[in-house]
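Participant: sharing a sequence plus its predicted fold:
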Amino acid sequence: MSKNTPTVALQFLGAAGVVTGSRTLLSIGDYKLLIDCGLFQGNKEERKLNKVKRLPFKPADLDAIILTHGHLDHSGYLPVLVKKGYTGPIYATAPTKDITEIILSDSAHIQEEDAKEANKSREEEGKKLVKPLYKLKHVRKTMELFETHPDKEWISPKEGLRFRFLKSGHILGSVSVELEVAGKTFLFSGDVGQQSPLILDTPTRCPQADYFIMESTYGDKLHDKTVSPFQALQEVVNKTFEKGGSLVIPSFAVERAQEIIMLLNDLMLEKSIPALPIYLDSPMGINVTELFQKHTGWHNLTDSEAERLTENVHIVQKFEETLHVLDENVPKQKIIIAGSGMATGGRVLYYLKQLLGDEKNTILLVGHQAKGTRGNKLSNGAESIKIDGKHYDVRAEITQIGSLSAHADQEDLLWCLGALKEAPAQIFLNHGEEDAASALKEKIKQQYGWPVTVAEMDKVYEL
């Protein structure tokens, strides 16, 4: 290495051994670049990391942040950095900026409300008061730092460094990041969608990368592609209708809710399922749905399909309306789409409390269920789950549709690698639990014979 060539190092500050808290530090000499800045979610121990985990830099010393997409586990820690002194640019696509603002505002609101509720008893008992990680004022300050760019446009934050966004097919506005520095090409996959996403463009594959940092959420699994999402959802709705029950779908607000609504609309139009009332009870999901009508170049829906995402749905905004949906006078059989997607919180918990104990009802899981979450427990056949300190028996039918996942499976990830014309110097696997990442590592070595490392939390990899 010549004297003029800067030293380059990677450090995984999150999403290493877990599928949450995505933060990858790329150090180029003294220049520090962070790819994604997410919150740790999932079980209690992982969530604790948001408060106790120390970063190896002062936020004020960080030069730039690149955001692959707006999900909370990739963007949710941004206001903390801003609160602690970060003032540099946050590079993202226009849809990602809009989605991030919705998600961070919701996160701040929930944190403030949770802290307020927790402090009622703590104040009486003389205990130390709980503080939210950040407030709405920090979110507003964060959004002022965003700099948006379209996909495939080269961006140069500093001399000798450039990067561009490539559509990744995960959610609206999501991208992989192709970055060139010191004569080397880095590819950060972010979260990658399936080869043929339902309402998004196919992920853009890159033909060359010296270092490929790849997610491995489903590195040990294959989605069931023998049955189309249309057919699978049709069977679930009709079976629930025949039992005389309601269908509850814990759903992620971004992408998944919109896909489900589109499928349900199409199935009802062709009379493949009964015209049941659909309730979207996810404030974030409502706001994100409107973005599909704004950012038309980032999905494959027609204008009429995008308009139907809100036309044929009962939008539930206030909590009082949630209670109304559960009222006996409302049609007994209905389809409810509510956050959160792993049933870790949100309004879906109110529906689970009321409907989980009736065998006529169905709970449909349509995304990744991280270990320790209620969704994961339901998918693994739990006989009861705990909500707000009380145990609720699981008598409703629990089912899943893997083909609706917004994440690539093992086959899709190998397909992404298959575009490389030459072997990379190193592949790093992150954003995957231990079993998933290890299985993908062995499959890559077996199929391609390329060097693969499963990323370790906080370890510095000098390149």
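Facilitator: Yep, it's here.

Participant: centre of the chain to stretch 256-272, how far?
Facilitator: 22 Å (CA atoms, centre = their mean, to the nearest Å).

Participant: what's next to it, contact-wise?
Facilitator: Contacts with stretch 256-272, where a contact means CB atoms under 8 Å, 6 or more residues apart in numbering, come from 198-199, 229-230, 233-234, 237, 249, 251, 273-275, 278, 280, 282, 285, 288-289, 292, 301, 305, 308-309, 312-313, 335, 337, 339, 341, 366-367, 404, 406. Just so you know, the C-beta spots here come from the backbone N, C-alpha and C atoms, and that holds for glycine as well.

Participant: separate out the buried members of these.
Facilitator: Buried members of the contacts of stretch 256-272, counted by 16 or more other CB atoms under 10 Å: 198-199, 229-230, 233-234, 237, 249, 251, 273, 278, 280, 282, 285, 288-289, 292, 301, 305, 308-309, 313, 335, 337, 339, 341, 366-367, 404, 406.

Participant: sitting in helices, which of these do you find?
Facilitator: The helices, defined by DSSP state H, take in 229, 230, 233, 234, 237, 285, 288, 289, 292, 305, 308, 309 from the buried ones among the contacts of stretch 256-272.

Participant: touching, the fourth one and residue 274? I think so.
Facilitator: No: taking contact to mean CB atoms under 8 Å, the distance of 10.8 Å between residue 234 and residue 274 leaves them out of contact.

Participant: just to be sure, residue 122 is in a helix?
Facilitator: Yes: the assignment for residue 122 is a helix, going by DSSP: H, G, I helix; E, B strand; the rest coil.

Participant: pLDDT weak spots in this protein?
Facilitator: By pLDDT under 70, the low-scoring segments of the chain are 1-3, 328.

Participant: tell me the contacts of the residue most central in space within it?
Facilitator: Central residue of the chain (CA atoms, centre = their mean): residue 71, 4.3 Å from the mean position. Contacts for residue 71 (CB under 8 Å, 6+ apart) come out as 38, 103, 171, 191, 252, 254.

Participant: which one of the residues you listed is nearest residue 210?
Facilitator: residue 191 (21.8 Å; CB to CB).

Participant: how far away is that closest one from residue 73?
Facilitator: Distance check for residue 191 against residue 73: by CB to CB, to the nearest Å, it reads 9 Å.

Participant: which of those two has more neighbours?
Facilitator: Between residue 191 and residue 73, counted using other CB atoms under 10 Å, residue 191 has the larger neighbour count: 27 against 24.

Participant: let me see the contact set for the more buried one.
Facilitator: Applying CB under 8 Å, 6+ apart, the residues near residue 191 are 68-69, 71, 74, 168, 170-171, 174, 215, 217, 406-407, 431.

Participant: tell me the secondary structure at it.
Facilitator: Strictly by three-state DSSP, residue 191 counts as coil.

Participant: offset the numbering so it begins at 10, please.
Facilitator: Done: numbering now begins at 10, and the last item shifts to residue 200.

Participant: need the helices for the chain, in chain order.
Facilitator: Using DSSP H, helices in the chain cover 53-61, 81-84, 87-92, 103-133, 145-152, 238-252, 265-278, 292-303, 312-320, 328-334, 357-364, 383-388, 419-426, 443-456.

Participant: name the helices or strands packed onto the longest one?
Facilitator: Spelled out, it's helix 103-133. With contacts taken as 3 or more CB pairs under 8 Å, 6 or more residues apart in numbering; DSSP states H and E, helix 103-133 sits against helix 81-84, helix 87-92, helix 145-152, strand 155-157, helix 292-303.

Participant: can I get those in CSV including distance to residue 459?
Facilitator: Shown next, in CSV, are the helices and strands packed on helix 103-133 (distance: least, CB to CB, whole Å):
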stretch, distance to residue 459
helix 81-84, 26
helix 87-92, 33
helix 145-152, 38
strand 155-157, 34
helix 292-303, 37
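
Participant: ranking those by burial, who's on top?
Facilitator: helix 81-84 (a mean of 27; mean count of other CB atoms under 10 Å).

Participant: for it, packing partners?
Facilitator: Checking 3+ CB pairs under 8 Å, 6+ apart, helix 81-84 ends up next to helix 103-133.

Participant: so how far is the helix it packs on off the chain centroid?
Facilitator: 17 Å.

Participant: residues of it that come out buried?
Facilitator: Those would be 103-117, 120, 124, for helix 103-133 by 16+ other CB under 10 Å.

Participant: do you know how far residue 292 is from residue 101?
Facilitator: For residue 292 relative to residue 101 (CB to CB), the value is 22 Å.

Participant: equivalent analysis for residue 310, please.
Facilitator: Taking CB to CB, one finds residue 310 at 22 Å from residue 101.

Participant: coming back round to it: ranking by neighbours, what's the top pick from the contacts of residue 200?
Facilitator: Neighbour max across the contacts of residue 200 (other CB under 10 Å) = residue 440, 33 neighbours.

Participant: got the domain boundaries for the protein?
Facilitator: 17-230+431-471, 238-413 (automatic domain parsing).

Participant: those domains: which one's closest to residue 424?
Facilitator: domain 17-230+431-471 (5.7 Å).

Participant: so what pairs up with the closest residue to residue 36 other than its chain neighbours in the strands?
Facilitator: In this structure, residue 36 finds its nearest non-sequential neighbour in residue 18, 4.6 Å apart by CB to CB, 6 or more residues apart in numbering. Here residue 18 sits in beta bridges with residue 36, residue 471, going by DSSP bridges.

Participant: contacts only, for residue 67.
Facilitator: Per CB under 8 Å, 6+ apart, neighbours of residue 67: 93, 94.

Participant: measure it to residue 37 for me?
Facilitator: Using CB to CB, residue 67 is found at 17 Å from residue 37.

Participant: and the gap between residue 164 and residue 42?
Facilitator: 12 Å.

Participant: same check on residue 172?
Facilitator: 9 Å.

Participant: between the two, what contacts are shared?
Facilitator: Going by CB under 8 Å, 6+ apart, residues that sit against residue 172 and also against residue 42 are 75, 166.

Participant: now the domains of the chain in a markdown table, with distance to residue 425?
Facilitator: Formatted as a markdown table, the domains of the chain follow (distance: least, CB to CB, whole Å):
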| stretch | distance to residue 425 |
| --- | --- |
| domain 17-230+431-471 | 6 |
| domain 238-413 | 18 |
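
Participant: of the ones you listed, which is nearest residue 420?
Facilitator: domain 17-230+431-471 (8.1 Å).

Participant: need the distance between the two termini of the closest one.
Facilitator: 6 Å (CA to CA, to the nearest Å).

Participant: can you give me how far that domain is from the chain middle?
Facilitator: 11 Å.

Participant: what do you get for stretch 353-366?
Facilitator: With CA atoms, centre = their mean, you get 21 Å for stretch 353-366.

Participant: quick one: buried residues of stretch 339-354?
Facilitator: 342, 343, 344, 345, 346, 347, 348, 349, 350, 351, 352, 353.

Participant: what does stretch 340-349 contact?
Facilitator: 246, 249-250, 253-262, 266, 269-270, 273, 285-291, 293-294, 325, 334, 354-357, 360.
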